[in-house]
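Novice: Need the 3D shape of this:
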Amino acid sequence: MPANYHTHTARCHHAWGEDKEYVEQAIAAGMQVLGFSDHCPWIFPKDYTSKTRMAPEMLDDYFTTIDRLRQEYKNDITIYTGFESEYVPKLMEEQEKLLSDYPVDYMILGEHFMENEMTGPYTGLPTDQEADLRRYVDLVVEGMETGKYVYVAHPDLLHYTGPDEIYEKHFLRLCQYLKQKQIPVEINLLGVVEHRHYTSERFLKIAEKAGNSVIIGCDAHTPDRLSTQEYLETCRNLAEKFHLPVVDFLPGLGPDTACVLK
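Specialist: Residues are numbered from 1 along each chain as shown. As a prediction, this is how the structure comes out:
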């Protein structure tokens, strides 16, 4: 696995390990590119403290530390600094102002909440309501249309438990949109190895039908997730099973800014 663009840090309060450890594990695994994409801060009311993302006051340290590692390991690996973030229309303007002075290399869209985490609910909770699935897909497409995000993290995070035909109806719509835009579908290593409801074979069958390509995102919350070959092979095997070509590098974010298909 030559690149991973889905990497968290301890700043999000539910990942472990030093930033340097993630870099060294990626190098040990033979990666050419490591993208840090920790959970992006939002501007919340002063009486609310998030337990799932970095706080705005952590931004300086985030960029300073990752840049220092980029320089230290420049002969061994290419490092990018980005974020994983929800698309929440009502909060976007303030988030953009917050990030405007920082050299953000890229963002990935991870729609954990369709409103915000203060009001919830988490999109990974089971629901049999078609309206929830429709709203989720609509928001993801609307978010990708902004051009802010390079791809969608765990696109089947919405845990729909209703009829298969409804599941396929809406996720096929998402997969066809991503295919049209030449955006790969993520096989989420964390979800696969922890046997979560994502990335599911049910979803990958739909991606195969739509003709998607895929990218493997480690969603690393511990450094070892970048270098455990058994986990990486499991994800590669899923791609092969459903005849999904794997995108190794994202356009403009490779070691030579090239997009390589295998």
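
Novice: Could you check the strand or helix carrying Ala131 and say which residues are buried?
Specialist: Counting by DSSP states H and E, the element that carries Ala131 is helix 130-145. Applying a neighbour-count criterion of 16 or more other Cβ atoms under 10 Å, one finds 132-137, 139-141, 143-144 buried in helix 130-145. (C-beta placed from N, C-alpha, C; glycine too.)

Novice: Could you dump the residues you listed into CSV and include pLDDT?
Specialist: Shown next, in CSV, are the buried residues of helix 130-145 (pLDDT from 0 to 100):
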residue, pLDDT
Asp132, 97
Leu133, 98
Arg134, 98
Arg135, 97
Tyr136, 98
Val137, 98
Leu139, 97
Val140, 98
Val141, 98
Gly143, 98
Met144, 98
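
Novice: Same list as before, these that is, but in CSV and with distance to Glu230 included.
Specialist: CSV is the format used below for the buried residues of helix 130-145 (distance: Cβ to Cβ, whole Å):
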residue, distance to Glu230
Asp132, 34
Leu133, 32
Arg134, 37
Arg135, 37
Tyr136, 31
Val137, 32
Leu139, 34
Val140, 30
Val141, 34
Gly143, 33
Met144, 32
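
Novice: Does the residue in the chain sticking out farthest from the centre lie in a helix or a strand, and which?
Specialist: No residue in the chain sits farther from the centre than Asp47, which is 28.3 Å out by Cα atoms, centre = their mean. Under DSSP H and E, no helix or strand contains Asp47.

Novice: what pLDDT does it get?
Specialist: Here, the pLDDT recorded for Asp47 equals 83.

Novice: what residue lies at the spatial centre of this structure?
Specialist: In the chain, the centroid-proximal residue (Cα atoms, centre = their mean) is Ala153; its distance is 3.1 Å.

Novice: which residue sits closest to Met1 in space, ignoring its chain neighbours?
Specialist: The shortest distance from Met1 to any non-neighbouring residue, by Cβ to Cβ, 6 or more residues apart in numbering, is to Leu232 (4.9 Å).

Novice: so what's the one you found up against?
Specialist: The neighbours of Leu232, taking Cβ atoms under 8 Å, 6 or more residues apart in numbering as the test, are 1, 29, 189, 216.

Novice: Among the residues you listed, which one has the most neighbours?
Specialist: In terms of neighbour count, Ile216 stands highest of these at 27 neighbours, by other Cβ atoms under 10 Å.

Novice: where does the residue lying closest to that one once chain neighbours are set aside land in three-state SS?
Specialist: Leaving aside its sequence neighbours, Ile216 sits nearest to Cys235 (Cβ to Cβ, 6+ apart; 4.7 Å). At Cys235 the chain is in helix, as set by DSSP: H, G, I helix; E, B strand; the rest coil.

Novice: could you pull out the helices for the stretch 101-250 of the chain?
Specialist: Using DSSP state H, counting those that start in this stretch, the helices found in the stretch 101-250 of the chain span residues 130-145, 164-180, 189-193, 201-210, 229-241.

Novice: Just name the most buried of the ones you listed.
Specialist: Comparing those by mean neighbour count (mean count of other Cβ atoms under 10 Å), helix 189-193 ranks first with a mean of 21.

Novice: Of the helices of the stretch 101-250 of the chain, give the one that comes closest to His6.
Specialist: Of all the helices of the stretch 101-250 of the chain, the one in closest proximity to His6, counting by Cβ to Cβ, is helix 189-193 (8.2 Å).

Novice: For Tyr177, give its distance to Asp67.
Specialist: 34 Å (Cβ to Cβ, to the nearest Å).
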